[in-house]
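Asker: Below are the sequence and a predicted model for it; my questions follow.
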Amino acid sequence: MSQRSEQMRGNAIAIVLLLAGGIIMVAPFVWMLSTSLKVPADQYSRTLIPPILTLDNYREIWSLIPLQTMLWNSLKIAAIATAGQLLTCSMAAFVFAVARFRGRDILFFLLLLTLMVPSQITTIPQFILFKWLGLYGTQVPMYLPSFLGGAFGTFLLRQYFKTIPIELAEAARIDGASLITIYWNIYLPLAKPALAAFGVFAFMFSWNDLFTALIYLPSDPETTTLPVGLALFQQQYGGKWTLMMAAVLISVAPIIVAFLIAQKQFIQGISMSGLK
Amino acid sequence: MQNWVKRAVPAAVLLGGLLLSSTALAETELKLMLFGGPVDVAIWEKLSAEFEASHPGITVTVEVNDWDSYWEKLRVLIAGGTAPDVFAMDASNYPDWQARGALLQLQPMIDAEPELLADVYPVSLEAYQTPDGYYGLPRDFQTIALFYNKDMFDAAGVAYPTDQWSWDDLRAAARQLTRDSNGDGSIDQWGLFAELIDMEAFWSSVLWSHGADIVDAANGKTLIGSPEAMTAWNFIAGMVLDDKSIPTAEQLRQFGADGFQAGVTAMGLSGHWSVPDYAPAGFRWDVAPMPKGPAGRVTSVNSAGFTIASTTKHPAEAWELLKFAIGPEAQQQLAGIGFAIPIQKSIAEGPAYLEQQSAPIDHKLFVEALDYARVKPVFRGYEEWASAVGDALQMAWSGALPIADAIQQAVDDGDAVLANAR
């Protein structure tokens, strides 16, 4: 009995702490929602409930920039880029984690070295390369690099693959499974939590990528992505916060959805693999 | 022989005609890039359609980005060899882009049309003149004026600013209007919103009106440490650090960048670009000229312009587009949206600008300011110089360095930049 009440007290403390943490995390989003529903004259008012409730900000954005087209462009590019990253990084990671061949560790070391190269250094050469390939002005440069692996994802997934007992792969090998079968049927299903986490990273990275869209895509609404459209609001002089908040809310919504989907995968992945 | 000529001449004429007509039929595609917001997208789409209608055979793609993105994009596009044909320029950045060889020399084209710049304010042309002619032309200009919140002046019983105000009058009023209205021990209403790092809106004018100068780039000298300038700096430091009537950027962060727009400062120093932003504000406001200093009244003038890429494949068509963009038709429509002041005298002093619908204020004041305006310094290495000076000023306003030491550092660092840029 006393043990139970102690447990309940422990729970209560945990709930209070988590609730406090939750409120701190959610407050900016609530404030954002509130500001997006205010009229411009009230944009600096310090009340949470808008004095005058309005949906005009959302209407105005829709009339100012073709948001649907930009949303669709962003979504398409982020989805393709995420798929590319998940596929190629996991393949590379699998090879680095499981296969044995001469020079593997040196190759992996070289891959890690690319993490140290600031992206500013490669911007211009990469730009000239894509121009030479005739892809400047298309959306291809936005996702093609994602199909060429990447040091961060490969490293992350390799570390995870390393935690999977190598005996699983060896047993499958004895039963006659090919490397591809082992990768696809054993390692990928076991790595769902890591893949989900990395997928969210990759999606967010692509979704928020202003710079690549800025330099490769013509800044017209038909081809460009949401961050470029949003930056347009942050005009040269001053900002229109009510509009900004409405636009930002629209832009974070897909990330929240992506995260919720991935969160389900986290739990599934953990329960299925039996890993803790 | 005769026969051969007889046959060859018509053939050549025919061939030539074919070539000419085929070049006339081929569409020339021009790219126009500029900085701005959604309003600019709309107006430039419209203007480029008008240009296409009056110039058959040329199509124009307009790309508008926000200020920061614009410069990032321009850097990569030009380095990558895909420069837009015509693009927007800011006078301050112009010498650096010109020095990099990115801009087309416009002088021969201007010489061919002596009437082109007849109606343009000379002061807005000044920034774009180089020893070997123009590499760009202004499209609008900005002077700085004093904005004031009538509601706050009324509530405090302070008389509105007049055209007789001196900097000391401004300081006195700002002190009266700085208060802690809810008594929680921290200031929640300030006297003046003024940009303290960049020179354009505030400190260049204070220095000039105290008889000081800012920079002598030709001789590599930063002049903001002269005795006259120090009087001006002490005046500013008095307002920021002693009276606390000018909020620092950190104090303003919670209200967005513009304290006047946020309704937490009674006055603000800004250009006409703020008018459309201030128009929907929830308080009554008006404008007054820049206050006077011991050496008279001075405001600063800065102008945005257009340039043509030195690598453009269609210099003639790009020149037509640039002329159109700074010409009367386009200027007329741009005046209407109220961000900037047209460079064509007849338009800035005509109904398109003076009777614009942006806000019910005296728009003429911004044009008349040209009588006492000085051009915001434009020189090679400006960006680096401005950030060196800005870093030192930051130390003064945060209280990390006494103002005299900060200015000494600004002069040393600024001179080092100038020595490199020459």
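Answerer: Cool, got the structure.

Asker: What segments of the stretch 301-422 of chain B are helices?
Answerer: For the stretch 301-422 of chain B, helices defined by DSSP state H, counting those that start in this stretch occupy the ranges B:315-326, B:328-337, B:345-348, B:351-354, B:364-368, B:382-397, B:403-421.

Asker: actually the stretch 151-300 of chain B, sorry about that
Answerer: So, for the stretch 151-300 of chain B - with DSSP H, counting those that start in this stretch - the helices run B:167-177, B:203-209, B:227-237, B:249-252, B:275-278.

Asker: With the stretch 51-200 of chain A instead?
Answerer: With DSSP H, counting those that start in this stretch as the criterion, the stretch 51-200 of chain A has helices at A:56-64, A:67-98, A:104-113, A:119-132, A:140-143, A:151-163, A:166-174, A:179-181, A:188-190, A:192-207.

Asker: State the helix or strand in which residue 32 lies.
Answerer: Here I'm looking at chain A. helix A:2-36 (DSSP states H and E).

Asker: Please refer instead to chain B.
Answerer: strand B:28-35.

Asker: Just the pLDDT for A:Ile270.
Answerer: A:Ile270 carries a pLDDT score of 52 in this model.

Asker: hmm, back to that, most tightly surrounded among the helices of the stretch 151-300 of chain B?
Answerer: helix B:203-209 (a mean of 26; mean count of other C-beta atoms under 10 Å in any protein chain shown). Any C-beta I mention is one placed from the backbone N, CA and C, and that applies to glycine too.

Asker: residues in contact with that one?
Answerer: Helix B:203-209 is contacted from outside by B:144, B:167, B:196, B:213-214, B:224, B:228-229, B:232-233, B:235-236, B:269, B:290-300, B:374, B:376-377, using C-beta atoms under 8 Å, 6 or more residues apart in numbering or on different chains.

Asker: repeat that for 7 Å
Answerer: Residues outside helix B:203-209 that contact it (C-beta atoms under 7 Å, 6 or more residues apart in numbering or on different chains) are B:144, B:167, B:214, B:224, B:229, B:232, B:235-236, B:290, B:292-293, B:295-300, B:374, B:376.

Asker: Put the buried members of those residues into a PyMOL selection.
Answerer: Buried residues among the contacts of helix B:203-209 (16 or more other C-beta atoms under 10 Å in any protein chain shown), as a PyMOL selection:
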select buried, chain B and resi 144+167+214+224+229+232+235+236+290+292+293+297+298+299+300+374+376
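
Asker: any low-confidence regions in the chain?
Answerer: Using chain A here. A:1-2, A:234-239, A:265-276 (pLDDT under 70).

Asker: Oops, wrong one, chain B.
Answerer: Using pLDDT under 70, chain B drops low at B:1-26.

Asker: what's the longest strand in it?
Answerer: What stands out as the longest strand in chain B, according to DSSP state E, is strand B:137-149.

Asker: got the helices of the stretch 301-422 of chain B as CSV, with mean neighbour count columns?
Answerer: Shown next, in CSV, are those (neighbours: other C-beta atoms under 10 Å in any protein chain shown):
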stretch, mean neighbour count
helix B:315-326, 20
helix B:328-337, 19
helix B:345-348, 19
helix B:351-354, 17
helix B:364-368, 18
helix B:382-397, 19
helix B:403-421, 18
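
Asker: where does the stretch 201-350 of chain B come near chain A, residue by residue?
Answerer: Residues of the stretch 201-350 of chain B lying close to chain A (C-beta under 7 Å from any C-beta of the partner chain) are B:255-258, B:261-263, B:273-274, B:277, B:280-282.

Asker: rerun at 6 Å
Answerer: B:255-256, B:258, B:262, B:273, B:277, B:280, B:282 (C-beta under 6 Å from any C-beta of the partner chain).

Asker: quick check, nearest of those to B:Leu418?
Answerer: Set against B:Leu418, the nearest of those by C-beta to C-beta is B:Trp273 (28.7 Å).

Asker: OK, contacts around the residue nearest the centre of chain A?
Answerer: With distances taken as C-alpha atoms, centre = their mean, A:Met204 lies nearest the centre of chain A, 2.4 Å away. For A:Met204, the contact set (C-beta atoms under 6 Å, 6 or more residues apart in numbering or on different chains) comprises A:Ile255.

Asker: can you list the domains in chain B?
Answerer: With domains defined by automatic domain parsing, chain B comprises B:26-142+B:302-374, B:144-301+B:377-421.

Asker: Any chance of JSON lines for those, columns distance to A:Phe147?
Answerer: Formatted as JSON lines, those follow (distance: least, C-beta to C-beta, whole Å):
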{"stretch": "domain B:26-142+B:302-374", "distance to A:Phe147": "22"}
{"stretch": "domain B:144-301+B:377-421", "distance to A:Phe147": "38"}
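
Asker: Pipe the helices of the stretch 301-422 of chain B into CSV and attach distance to A:Thr54 per row.
Answerer: What follows is the helices of the stretch 301-422 of chain B, written out as CSV (distance: least, C-beta to C-beta, whole Å):
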stretch, distance to A:Thr54
helix B:315-326, 36
helix B:328-337, 24
helix B:345-348, 36
helix B:351-354, 32
helix B:364-368, 32
helix B:382-397, 38
helix B:403-421, 46
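
Asker: just to revisit the earlier point, relative to B:Pro108, which of the helices of the stretch 151-300 of chain B is closest?
Answerer: Among the helices of the stretch 151-300 of chain B, if distance is taken as C-beta to C-beta, the winner is helix B:203-209, at 34.2 Å.

Asker: Around chain A, pick out the residues from the stretch 1-150 of chain B.
Answerer: B:35, B:37-38, B:63, B:65-67, B:69, B:73, B:76, B:79-80.

Asker: how deep is residue 104 tucked in, by neighbour count?
Answerer: No chain was given, so I picked chain A. The number of residues packed near A:Arg104 is 13, by other C-beta atoms under 10 Å in any protein chain shown.

Asker: not what I meant, chain B
Answerer: B:Leu104: 22 neighbours (other C-beta under 10 Å).

Asker: give the contact list for the residue nearest to it when sequence neighbours are not counted.
Answerer: Leaving aside its sequence neighbours, B:Leu104 sits nearest to B:Ile308 (C-beta to C-beta, 6 or more residues apart in numbering or on different chains; 4.1 Å). By C-beta under 6 Å, 6+ apart, B:Ile308 lies in contact with B:86, B:104, B:318.

Asker: at 10 Å what do you get?
Answerer: B:Ile308 makes contact with B:30, B:83-87, B:102-106, B:109, B:135-137, B:314-315, B:318-319, B:321-322, according to C-beta atoms under 10 Å, 6 or more residues apart in numbering or on different chains.

Asker: From B:Ala229, how far off is it?
Answerer: Per C-beta to C-beta, to the nearest Å, B:Ile308 is found 38 Å from B:Ala229.

Asker: Please spell out which residues along stretch B:260-278 are buried.
Answerer: So for stretch B:260-278, counting by 16+ other C-beta under 10 Å, buried means B:260-278.

Asker: next one: stretch B:126-142
Answerer: Neighbour-count burial for stretch B:126-142, counted by 16+ other C-beta under 10 Å, picks out B:127-128, B:130, B:134-142.

Asker: I'd guessed B:Asp415 sits against B:Ala392; true?
Answerer: No. Using C-beta atoms under 10 Å as the test, B:Asp415 is too far from B:Ala392 to be in contact (11.9 Å).

Asker: check which helix or strand covers A:Tyr44.
Answerer: Per DSSP H and E: nothing holds A:Tyr44, as it lies in no helix or strand.

Asker: ok, now which ones touch it?
Answerer: A:35, A:38, A:241, B:254-256, B:259, B:261-264, B:281-282.

Asker: Quick check: the farthest pair among those residues?
Answerer: A:Lys38 and B:Gly259 (18.7 Å).

Asker: how about stretch B:277-285: buried residues?
Answerer: Those would be B:277-278, B:281, B:285, for stretch B:277-285 by 16+ other C-beta under 10 Å.
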